[in-house]
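Undergrad: dropping the sequence and predicted coords here.
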Amino acid sequence: MWINDADPDERLTIMSEQNLWNGSSGLLRWNYQYFNYTFTQPGTYGVYIKEEPRARHQIIIVNP
């Protein structure tokens, strides 16, 4: 689960490097809005914030 804890007017879009969801699904327009995704397949996944290209990407590892 990702939660927008930025300024109330700052829009954030949670993106999957593997295109597991589309940008509109991961769009967090308001403060405290959240996006939830359940990884069901083993693997290594990359997640990033579209509006913050210099921010460190999150790596999620799902074990079998």
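TA: That came through, no problem.
Undergrad: burial count for Tyr34?
TA: As a burial measure, the neighbour count of Tyr34 was computed by other CB atoms under 10 Å and equals 11. No exception for glycine: its C-beta is placed from N, CA and C like everyone else's.
Undergrad: ramachandran coordinates for it?
TA: Dihedral angles of Tyr34 (phi, psi; degrees, to the nearest 10) stand at phi -130, psi 160.
Undergrad: once you drop chain neighbours, what's closest to it?
TA: Take Tyr34 and drop its neighbours on the chain: the residue closest to it by CB to CB, 6 or more residues apart in numbering is Ile3, 4.5 Å away.
Undergrad: ok, the one you found to Leu28 distance?
TA: Taking CB to CB, to the nearest Å as the criterion, Ile3 is separated from Leu28 by 8 Å.
Undergrad: what does Pro53 give?
TA: Where Leu28 is concerned, Pro53 sits at a distance of 17 Å (CB to CB).
Undergrad: find the centremost residue of the protein, please.
TA: For the chain, the residue sitting closest to the mean C-alpha position, by CA atoms, centre = their mean, is Ile14 at 2.9 Å.
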